[in-house]
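Enquirer: only geometry, no sequence info:
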C-alpha cells in the first residue's frame with residue numbers, strides 16, 4: 001500500500017499497511033489495536049474504518065495517528081519498529097505543507113511550527129525513547145523514565161497499588177501479567193528464591209497516559 005490516509009487534516013497509517021510492513025496478519029494487528037484502545041479507554045470508532053474485499057464484503061480496519069502507532073509497535077522487535085518509523089518518515093515528507101508566498105507568511109509559519117514543536121516535545125521525546133528500549137524496566141527505572149513531579153519509585157508503586165495493578169507486596173495481578181504489562185523474575189541465591197517485578201515497554205506507555 002502506498003496511499004496516505006488523511007482525517008481532519010492529520011496523517012494516519014492504515015492497519016493494513018502496518019501489517020504489510022512488519023509481515024503480520026492483518027487480523028492479528030487489528031486484535032492488538034483493539035486491545036490497546038480498550039486499555040486506554042478509547043472507543044474503536046475513533047480510529048476504526050472499513051474496506052471492501054474483492055468479494056465486496058466490508059471488513060474492519062484501523063487508521064492510527066503517530067502516537068497510537070508508536071504505542072502499538074512498542075511491543076514489537078527493533079527491526080519491525082524500524083520499518084514502521086521509516087514509513088512514517090516517508091508519509092510526513094509526502095505531506096509537507098506548501099511553501100509560504102511571502103516573507104511575513106514565512107515568519108508566521110516559523111512561529112507556528114516552533115509553538116507546535118514546543119507543545120509536542122514531551123510526548124514525542126517520550127515515545128521516541130520508548131521505541132528505542134529493548135528490555136524490561138524496574139520500578140525505579142520506570143519512575144525515572146516518566147519524569148513526573150514527586151514520582152519516585154515508592155510513590156510510583158504506591159500509586160499502582162491504589163490503581164490495583166499490583167498488590168501490597170508490589171507483585172502484579174495475573175491479568176496484568178497476561179496483558180504483558182509486567183513480568184515476575186525469579187532468581188536463586190543459595191537456598192532462597194527471590195522474585196522481582198519488572199515493567200514492559202507497553203506498561204511504561206500505559207502508565208505514562210494514566211499518571212501524566
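Expert: Happy to help now that I have it. It should be emphasised that the depicted structure is a prediction, and the values quoted were computed from it without experimental measurement. Residues are numbered from 1 along each chain as shown.

Enquirer: can you give the domain ranges for the protein?
Expert: 5-96, 98-134, 139-211 (automatic domain parsing).

Enquirer: reformat those as JSON lines; add mean neighbour count and mean pLDDT.
Expert: All C-beta spots, glycine's among them, are computed from the backbone N, C-alpha and C. Below are those laid out as JSON lines (neighbours: other C-beta atoms under 10 Å; pLDDT from 0 to 100):
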{"stretch": "domain 5-96", "mean neighbour count": "15", "mean pLDDT": "81"}
{"stretch": "domain 98-134", "mean neighbour count": "12", "mean pLDDT": "52"}
{"stretch": "domain 139-211", "mean neighbour count": "15", "mean pLDDT": "84"}
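
Enquirer: and the contacts of stretch 139-155?
Expert: 126, 129-130, 137-138, 156-157, 159, 170, 197, 199, 203-204, 207-208, 211-212 (C-beta atoms under 8 Å, 6 or more residues apart in numbering).

Enquirer: and those residues, which of them are in strands?
Expert: Applying DSSP state E to the contacts of stretch 139-155, the entries found in strands are 197, 199.

Enquirer: what about the residue positioned nearest the centre of the chain, which SS state?
Expert: Using C-alpha atoms, centre = their mean, the residue of the chain that lies closest to the mean C-alpha position is residue 71, 1.2 Å off. Three-state call for residue 71 (DSSP: H, G, I helix; E, B strand; the rest coil): helix.

Enquirer: before we move on, what about residue 164?
Expert: Residue 164 is classified as coil under three-state DSSP.

Enquirer: tell me the phi and psi of it?
Expert: Main-chain torsions, residue 164, degrees, to the nearest 10: phi 70, psi 30.

Enquirer: and the closest residue to it other than its chain neighbours, how far from residue 138?
Expert: Nearest non-adjacent residue to residue 164, counting by C-beta to C-beta, 6 or more residues apart in numbering: residue 173, 7.1 Å away. For residue 173, the distance to residue 138 (C-beta to C-beta, to the nearest Å) stands at 19 Å.

Enquirer: residue 49 reaches residue 64, doesn't it?
Expert: No: look at residue 49 against residue 64 with C-beta atoms under 8 Å: they stay out of range, at 10.3 Å.

Enquirer: what are the ranges of the strands in the chain?
Expert: With DSSP E as the criterion, the chain has strands at 5-7, 10-14, 48-52, 58-64, 182-189, 192-199.

Enquirer: can I get these in a markdown table including distance to residue 76?
Expert: Converted to a markdown table, the strands of the chain look like this (distance: least, C-beta to C-beta, whole Å):
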| stretch | distance to residue 76 |
| --- | --- |
| strand 5-7 | 20 |
| strand 10-14 | 14 |
| strand 48-52 | 21 |
| strand 58-64 | 14 |
| strand 182-189 | 17 |
| strand 192-199 | 17 |
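
Enquirer: can you tell me which of those comes nearest to residue 22?
Expert: Nearest to residue 22 among these is strand 10-14 (11.6 Å), distances taken as C-beta to C-beta.
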